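>>> got a predicted model here, sequence first, then my questions.
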Amino acid sequence: MALEDYEIVIGLEVHAELKTESKIFCGCSTRFGDRPNSHVCPVCLGMPGVLPVLNKKALEYAILAGLALNCEIAEWTRFDRKQYFYPDLPKAYQISQLDYPICYRGFVEIPVDERLGTGVRRVGITRVHLEEEAGKSVHSGTSLLDSTYSLEDYNRSGIPLIEIVTEPDLRSPVEARRFLETLKLLLEYTGVSDCKMEEGSLRCDANVSLRPKGETGFGVRCEIKNMNSFKAVETAIQREAERQAELLDAGQAVVPETRGWDETLGSTVFMRSKESSSDYRYFPDPDLVPIVVERDLVERLRGLLPEMPQQRRRRYVEELRIPEYDAVLISGSRPLADYFESVLAVYDGPAKVVANWIMGEFLRLINQRKIEIREAKISPERFAALLKLIDKGQISASAAKEVLEEAFDTGEDPNDIVERRALKQISDQDELAAIVDKVIEANPRAVEDIRSGNHKAIGFVVGQVMRETRGQANPKVVNQLIRERLGL
Amino acid sequence: MELISKPIHELIGLLETRAISAEELVRQFLDRIDQVEPKLKAFISVDREGAIRAAKAADQARSEGRACSRLAGIPVALKDNICTKGIPTTCASKILEGYMSPYDAYVVERLRSEEMVIIGKTNMDEFAMGTSTENSAFFPTRNPWDLSRVPGGSSGGSAAAVASGEVPAALGSDTGGSIRTPAAYCGVVGLKPSYGLVSRYGLVSYASSLDQIGLLTGDVRDCAIMLRVIAGHDSRDSTSVQTEPVDYEANLDEEVAGMVIGLPKEYYGAGIDPKIMELVLEAARTLEGLGVRVEEVSIPTLDYALAAYYVIAPAEASSNLARYDGVRYGCRYDRATDSVSMFMETRGRGLGLEVKRRIIMGTYVLSAGYYDQYYRKAQQVRTLIRRDFERVLQHCDALITPTTPTIAFKLGEKTEDPLSMYMSDVCTVAANLVGIPAISLPCGMHEGCPVGVQLMGRKFDEARLLRIAYAYEQASGLQMKKAPVA
């Protein structure tokens, strides 16, 4: 049988760091990228005698994430210790949740893979639980086992993390990628995580198995790790499915194991057998008291949930009357959509104008400068001011692009830039009339051509006026004046 | 003036009237330490300079008329599993030999804010695992009443130091009897407060759901004075309870007539030395003489307490002690060629036999396939025991039992027989499993050794427990003299 004759069954386990200011069980900063071991204290280093105290914000963020994923929120939850030895795990146990996750039974909807059908796939969320990050090891070799030394950075130790486990509801590598994109969008919208796979603040493992189409039982699954981009997740699952199909076709069994994605090989490789998997000896953490999650808190947090991407898209189309394409693109990023709406709030022209400038020049600059939207220096107010200058005919479209670029980099007021760089368009009839008259006088041949019916020569005269005004003349007004003067 | 046999409540007056100076006081205790320590070995570290410096600071504050705590200048010792900046915190383990904590435990902050003088750190069973202080990786401590006997454990150093007049009060920790047993063996007062009354922040964990910091003092009034210092809510310990501050000393001498004291029959069975039983029953009669009604009660689940304890405590210990891997602090075996052997050699060489025994037992009971059979079952038993105690304590103001089944045993007598060593916790573990306060008081002598009576009270009602204890102490006239250390 070919791979097409099998159904691919995929479940994902996603870890997302929560972007609280401080760590989950101590007051240390969670800032990324600082000097190693600069955000540590006795608690997150697991020194003798220290005790964890739960950061309420981390709990609230986990609940918000659960609400965004349509989960039920536990009325009673607790923390457990997951025990294993590793040099980046200071206490030799990770505080996590086993039997009573904070959120459970949710779902996320994604478009079905077009090759498999149409409509919406509802992907079940089994659970979302809260836990702490370990530190980060840098090995002299390729792993702890073959290294002569390892360096440990505990800045990450104790950053709050949620683990999101899906039901085995995904049916293709494309759907797995779509799920992650949607999940990222939902978590970003909710404001609980940055979901940056490249910084490791979002990580994903996939459980993959095959079954002949039409069957309902599950095949033997393998777990794939080490995928560090959405694209890698899609490709790795595809390759793993192909590998399993080959085994099954050859009459061999798929062995339950953990496999790593090797980008350069373009295939998954054996890491360890599931049978030799560690016994983590979970037990309830006696240093933390069980938590009764008050319904009032849940409802208060539900009230804090922002408008979700789907709702925003619909509102953009129905109320702002921008095209569906624009609405999808803009609502596809919360920072972009927020920026768009901030501009719109101080601008009274049509939303479509804002959408065009945001999707065009603004995004071009964002991509070119390789920066985040929040890093763009131009404030939404000044963005709107620029649009107003165009509307009033005070600058030309091409000048506007230059002004935007400068304001984008410096944050300067577009009005000041226009003033300083003398980019203001001259639309004043009296002021332009004098120049037009001067140009007509100086170019008798062109005037003659126009009069004899060669209207193309008008362009030449307009060009001369533009030159005289160093491009500041409003070409529409100039054109009109020339026609008036020559009685056309 | 001889000061080392005086209780804190007398020393307070002498300091306040400036009849003595704190420096004089501290020097007398340091001299006593010099005198008896070679035989007793109660201390792991003595901070001579720090103590004299703190004493001088207290004297200066008083001479300048600055507002200072009435306890300013009074020396105190700490069990070596309570973290102190500037003095090593070793837990009597090779793996933490010379370890300097970067911070002070909550209770140490409290002592310092009272301007008390921390004179040193006392010996203990390694990581508080033991009943004799023979499990110290450094040296055993002797019983000051009979140097051939153990002082009890695991807070044996603290008990021996108070009993011998090396220090007027000491802090210990009690996970299954580690304050009360040495208090009984050494003839001092030992209080394990309710779980959650005293912050565990800075107490090196043995079994988190059972550990509690408490006191070893010469008499009940000193115990009340010191409890007020160390009790109180601490936001750094999630299990620390929000309670109103109580002046435990204020109502000590109120009448106890009309109170009901339960005599749980399960504590008076086989295995208890008949002479101890007799002395404890005599203590009950003394209380009856004060108008207390003594009633026999029953705690049917008590038989399972020791078994539940020796499942739960090792389980938590196996987890709490996993951090000693040589990576970040403490001793590391540095001739290892790879990380895994570094972990194994560091722990194999750095941890003692009893600690390893409990880690192995704890790892076993938490393992896949055994968890339900042992750990979960033990927790269920714990719930039943708690209900039994809550039931009888609704009716009774306190319960009276022996603290230990025997008097202090000889050094080496039980080291080859861990099970019989575990049996000496039989009377004390329940209070930890239930989380109620329990105090051991001297109630007589047997074969030249002190005998202790245990009173257990209602959770967070230390005030009532101390009142009963004080009434008994006054009526019995058994405030102990300092041990001779001969």
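Arrived safely. What you are looking at is a predicted structure, and each value in this text was computed from that prediction instead of being measured.

>>> give me the neighbour count for the residue in the stretch 51-200 of chain B that chain A sits nearest to.
Nearest to chain A, among the residues of the stretch 51-200 of chain B, is residue B:83, at 4.5 Å (CB to the nearest CB). Backbone N, C-alpha and C define where each C-beta goes, glycine included. As a burial measure, residue B:83 scores 28 neighbours (other CB atoms under 10 Å in any protein chain shown).

>>> same deal with residue A:4?
Other residues near residue A:4 come to 9 when the count uses other CB under 10 Å.

>>> tell me the pLDDT of it.
We have a pLDDT of 86 for residue A:4.

>>> and for residue A:276?
Note on residue A:276: pLDDT of 67.

>>> can you classify the closest residue to residue A:399 other than its chain neighbours as helix, strand or coil?
Excluding the flanking residues, the one nearest residue A:399 by CB to CB, 6 or more residues apart in numbering or on different chains is residue A:423, at 4.5 Å. The local conformation at residue A:423, judged by DSSP: H, G, I helix; E, B strand; the rest coil, is coil.

>>> am I right that residue A:423 is in contact with residue A:470?
No - in this structure, residue A:423 is not within contact of residue A:470 by CB atoms under 8 Å, at 9.4 Å.

>>> what residues does residue B:308 make contact with?
The contact partners of residue B:308, by CB atoms under 8 Å, 6 or more residues apart in numbering or on different chains, come to B:378-379, B:381-382, B:385, B:433.

>>> so which strand or helix has residue A:247?
Here residue A:247 is covered by helix A:230-249, with elements defined by DSSP states H and E.

>>> and residue A:203, by the same measure?
strand A:202-212.

>>> how about the host helix or strand of residue A:463: buried residues?
For residue A:463, the host element (DSSP H and E) is helix A:457-468. For helix A:457-468, the neighbour count (16 or more other CB atoms under 10 Å in any protein chain shown) marks A:457-458, A:461-462, A:464-466, A:468 as buried.

>>> give me the residue from the stretch 301-450 of chain A nearest chain B.
Closest point on the stretch 301-450 of chain A to chain B, by CB to the nearest CB, is residue A:301, at 21.6 Å.

>>> and that residue, how many neighbours does it have?
By other CB under 10 Å, the residues close to residue A:301 number 19.

>>> measure it to residue A:295 for me?
11 Å (CB to CB, to the nearest Å).

>>> ok, residue B:368 next?
35 Å.

>>> can you check residue B:109 too?
Shown here: residue B:109 relative to residue A:295, a distance of 38 Å by CB to CB.

>>> what residues does the helix or strand following the helix holding residue A:247 touch?
Counting by DSSP H and E, the element after helix A:230-249 in chain order, helix or strand, is strand A:257-262. Outside strand A:257-262, the residues that touch it by CB under 8 Å, 6+ apart are A:222-227, A:232, A:236, A:240, A:268-274, A:277.

>>> so, low pLDDT: which residues of the stretch 201-350 of chain A?
Scanning the stretch 201-350 of chain A for pLDDT under 70 picks out the ranges A:276-277.

>>> contact residues of it facing chain B?
A:279, A:281-283, A:286-289 (CB under 8 Å from any CB of the partner chain).

>>> just the buried residues of these.
The buried subset of those (16+ other CB under 10 Å) comprises A:281-283, A:286-288.

>>> I'd like those as CSV, with distance to residue A:319 and secondary structure appended.
Listed next are those as CSV, based on distance: CB to CB, whole Å; DSSP: H, G, I helix; E, B strand; the rest coil:
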residue, distance to residue A:319, secondary structure
A:281, 56, coil
A:282, 50, coil
A:283, 53, strand
A:286, 54, coil
A:287, 51, coil
A:288, 46, coil
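
>>> what's the closest of those to residue B:29?
Of all these, residue B:29 sits closest to residue A:287, with 35.4 Å by CB to CB.

>>> correct me, but the closest one touches residue B:236?
No - assessed by CB under 8 Å, residue A:287 is found out of contact with residue B:236, at 10.8 Å.

>>> identify the contacts common to those two.
Counting by CB under 8 Å, 6+ apart, the residues touching both residue A:287 and residue B:236 are residue A:51.

>>> show me the contacts for the residue in chain A positioned nearest to chain B.
Minimum separation of chain A from chain B (CB to the nearest CB) falls at residue A:92, amounting to 3.4 Å. If a contact means CB under 8 Å, 6+ apart, then residue A:92 has A:46, A:83-86, B:319, B:322-323, B:325 as its contacts.

>>> try it again with 6 Å
Taking CB atoms under 6 Å, 6 or more residues apart in numbering or on different chains as the contact definition, residue A:92 lies against A:85, B:322-323.

>>> name the nearest residue to residue A:141, ignoring sequence neighbours.
residue A:147 (3.9 Å).

>>> measure the one you found to residue B:338 for me?
7 Å.

>>> pLDDT of the helix holding residue A:463, averaged?
Averaging pLDDT residue by residue across helix A:457-468 gives 86.
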